[in-house]
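Trainee: what follows is a protein structure lacking sequence information:
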């Protein structure tokens, strides 16, 4: 049986979608008789971080893995109650008054599929509750015969979480948490004091070790209460605001880009401690009444790796499985499992051992053709032993972009779309944060270690030695903390990632080669992307990220590439074709300046929510003219000629501007001989 699970909104990438962030992290998953065939987030394909578009590209990708059409699929499932889409259907009706009658949610979704795929899916479509889908996403791939399941997030289907019991092929609800109890929403509100917003929660988790939770623990404890039977209550947002204002926090609110004061760090620490205390309170109760020794976690809150580590060390459970795509994208997988179990209750679901379910980089011919098309910008060679060659580059102090096989499902790079470096020098953390990520200097990186060597470096429970998904923070052995300076947090912990020879043989070989040369079976691993884009997916994504960051080398398959230089002439960029992403629009508007005069400004405006992309980027009038003429086939040089730009100094200035826009992923540049992919390029 073929089951397609999907999560996402009802707007296409080329439609105005600037309001809100609902149904973010769109994704699609294809399973056959309990086995995952393909899984990918829409952001990897449309290049919008946390995209909430209808996941048409993800669905097409999943179908393409087995040369299927939508007609071949037996069941199609989504991870929201049907009433949620009823509401979106009514909103769509309000937005389009020319419609005679509002559609319901089922008709809204079936019309989307019919528009994109040309078939009616009415009889195949299934709706599953948001948190039930989250629960299945963790319980299904855990491999456990039974387990306590805890789902916590911001909100979904008018709830903020559930406690459930998994027994064989059945899941039973034990407790629902209402929206007023939302730990996810509370965390998001409080991090606003620290200059952060939604989708920045993980940054505050990384900041917490630099603070002292006891400084503000009393204040926090006035705003929540642990109740009997694993329940809890949170003060209203108004009460939190009043108490924080009384403590002077509002006037001390950090603005984006400001330095962190010790008070900011102490707030982060107190917030993290509160979260852990409440979650352990819930788990202690349900562990006692269910007697279950296995735990499954899902929902956005389960991405808090520090909290997961505290659960691991609490000894409440013998085994803990956290859904690696714990956020809403994982709900696509959960919906597919729920549909499968509803249709065939006793069909087994296979334990998930890896997450390499995304786009494959292709064969040697495709890799070399793509590299050759960028030969004005880089040189490359095919090597006999890519693991040995890359290990030597890393041991010599280089930072390398590493791209192999199929991309990972979820928010973590697990050795197939990674930036790698030597984990020993503490300075490497600062170096990579500056040269690639353009992010705060405190932000930590993860260690990838050979699975069989984990006990030599990390203090982990004896009954749980495998950590393949980088979702637990664990204690680094005290005698190894100085050795692993670039991947050890201030408090002596690390977000552990163990590498199995079975599931990731080439990455295992690379770390083994690095150990031969350095004596350390560990690499610094972080996601291969800059701060303006999702993790790279294709060979071309990797090349573009490499060329617009400070990475030293790029390794794709068996090929090692090196930039030709940082100061290439304007003519090199002039030979590239330029275009706009489908969600960017050119805007010319008049605005009144201080003197009362009218000034004409030129901008690139985003058609998606400001949660996903900068709303507006100011550009020069010359750049506006160039982008106006871009049709997906003309080069930068030819567009400059059409715009009447011939002066060498002006050409140099415009070239610098377009490189900066390219670095921000506000425009697309690619070699003229490359085929244009419609989903990535506006004609």
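Mentor: Okay, I see it. Computed from a prediction, not measured in an experiment: that's the story for all the values here.

Trainee: buried residues in whichever helix or strand residue 239 is part of?
Mentor: In the assignment (DSSP states H and E), residue 239 maps to helix 237-246. Going by neighbour count (16 or more other C-beta atoms under 10 Å), the buried part of helix 237-246 is 240, 244. To be clear about C-beta, it is placed using only N, CA and C from the backbone, and glycine gets the same treatment.

Trainee: gap between the two ends of stretch 25-39?
Mentor: End-to-end span of stretch 25-39 (C-alpha to C-alpha, to the nearest Å): 13 Å.

Trainee: residue 1 contacts residue 344, correct?
Mentor: Yes. In this structure, residue 1 is within contact of residue 344 by C-beta atoms under 8 Å, at 6.6 Å.

Trainee: ok, now how distant is the closest residue to residue 269 other than its chain neighbours from residue 664?
Mentor: Excluding the flanking residues, the one nearest residue 269 by C-beta to C-beta, 6 or more residues apart in numbering is residue 211, at 3.2 Å. Separation of residue 211 from residue 664 (C-beta to C-beta, to the nearest Å) stands at 32 Å.

Trainee: the more surrounded of those two?
Mentor: Using other C-beta atoms under 10 Å, the more surrounded residue of residue 211 and residue 664 is residue 211, with 23 against 17.

Trainee: give me the pLDDT for that one.
Mentor: Residue 211 is assigned 96 on the pLDDT scale.

Trainee: residue 419 belongs to a strand, doesn't it?
Mentor: Yes. Under DSSP: H, G, I helix; E, B strand; the rest coil, residue 419 falls within a strand.

Trainee: report how many residues lie close to it.
Mentor: Residue 419 has 27 nearby residues by other C-beta under 10 Å.

Trainee: would you check that it makes contact with residue 402?
Mentor: Yes. Between residue 419 and residue 402 a contact is recorded at 7.2 Å, counting by C-beta under 8 Å.

Trainee: what sits in contact with each of the two?
Mentor: residue 528 (C-beta atoms under 8 Å, 6 or more residues apart in numbering).

Trainee: ok, then the element right after the helix or strand hosting residue 571?
Mentor: Following DSSP H and E, one finds residue 571 within helix 570-574. Downstream of helix 570-574, the next assigned helix or strand under DSSP H and E is strand 576-579.

Trainee: what sits against residue 309?
Mentor: 472-475, 493.

Trainee: can I get those residues in a markdown table with pLDDT, secondary structure and distance to residue 610?
Mentor: Output for the contacts of residue 309, formatted as a markdown table (pLDDT from 0 to 100; DSSP: H, G, I helix; E, B strand; the rest coil; distance: C-beta to C-beta, whole Å):
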| residue | pLDDT | secondary structure | distance to residue 610 |
| --- | --- | --- | --- |
| 472 | 98 | strand | 32 |
| 473 | 98 | strand | 31 |
| 474 | 98 | strand | 36 |
| 475 | 98 | strand | 39 |
| 493 | 97 | strand | 34 |
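
Trainee: if I've got this straight, residue 484 is in a helix?
Mentor: No. Using three-state DSSP, the assignment for residue 484 is coil, not a helix.

Trainee: how about it, nearest residue that isn't a chain neighbour?
Mentor: Nearest non-adjacent residue to residue 484 (C-beta to C-beta, 6+ apart): residue 423, at 5.1 Å.

Trainee: secondary structure class for the one you found?
Mentor: Going by three-state DSSP: residue 423 is coil.

Trainee: what's near enough to touch it?
Mentor: Residue 423 neighbours (C-beta under 8 Å, 6+ apart): 447, 484-487, 520, 522-524.

Trainee: and it, how far from residue 494?
Mentor: 9 Å.

Trainee: then residue 157?
Mentor: Residue 157 is 36 Å from residue 494, by C-beta to C-beta.

Trainee: still on that earlier bit, residues in contact with the residue nearest to residue 269?
Mentor: 262, 264-270.

Trainee: let's see it at 6 Å
Mentor: Shown in contact with residue 211 (C-beta atoms under 6 Å, 6 or more residues apart in numbering): 265-266, 268-269.

Trainee: ranking by neighbours, what's the top pick from the residues you listed?
Mentor: Most surrounded of the contacts of residue 211: other C-beta under 10 Å gives residue 268, at 27 neighbours.

Trainee: for the strand or helix carrying that one, name the packing helices and strands.
Mentor: For residue 268, the host element (DSSP H and E) is helix 262-290. Secondary-structure packing of helix 262-290 (3 or more C-beta pairs under 6 Å, 6 or more residues apart in numbering; DSSP states H and E): helix 217-221, helix 305-313.

Trainee: other residues contacting the shortest one?
Mentor: Taking C-beta under 6 Å, 6+ apart as the criterion, the residues outside helix 217-221 that touch it are 247, 270, 274.

Trainee: can you turn the buried part of these into a ChimeraX selection?
Mentor: The buried residues among the contacts of helix 217-221 can be selected in ChimeraX (16+ other C-beta under 10 Å) with this line:
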select :270,274
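
Trainee: tell me where the stretch 101-250 of the chain has strands.
Mentor: 125-127, 146-156, 159-167, 170-177, 224-226, 232-234 (DSSP state E, counting those that start in this stretch).

Trainee: out of those, nearest to residue 187?
Mentor: strand 146-156 (8.5 Å; C-beta to C-beta).

Trainee: what's the closest one in contact with?
Mentor: Residues contacting strand 146-156 (C-beta under 6 Å, 6+ apart): 130-131, 134-135, 139, 161-164, 166-167, 179, 182-185, 286, 290, 292, 294-301.

Trainee: pairing partners for residue 166 in the sheet, please.
Mentor: residue 147, residue 171 (DSSP bridges).

Trainee: how about stretch 206-222: buried residues?
Mentor: Counting neighbours by 16+ other C-beta under 10 Å, stretch 206-222 gives 206-211, 213, 216-217, 219-220 as buried.

Trainee: same check, this time on stretch 554-571
Mentor: 554-561, 563, 570.

Trainee: could you dump the buried residues of stretch 206-222 to JSON lines with distance to residue 394?
Mentor: Output for these, formatted as JSON lines (distance: C-beta to C-beta, whole Å):
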{"residue": "206", "distance to residue 394": "24"}
{"residue": "207", "distance to residue 394": "28"}
{"residue": "208", "distance to residue 394": "30"}
{"residue": "209", "distance to residue 394": "26"}
{"residue": "210", "distance to residue 394": "28"}
{"residue": "211", "distance to residue 394": "33"}
{"residue": "213", "distance to residue 394": "36"}
{"residue": "216", "distance to residue 394": "41"}
{"residue": "217", "distance to residue 394": "42"}
{"residue": "219", "distance to residue 394": "45"}
{"residue": "220", "distance to residue 394": "42"}
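
Trainee: what's the closest of these to residue 550?
Mentor: residue 206 (21.4 Å).

Trainee: on the pLDDT front, check that closest one for me.
Mentor: For residue 206, the predicted pLDDT is 94.

Trainee: what about the residue most central in space within the chain, which SS state?
Mentor: Taking C-alpha atoms, centre = their mean, the centroid of the chain lies closest to residue 411, which sits 3.5 Å from it. What three-state DSSP gives for residue 411 is coil.
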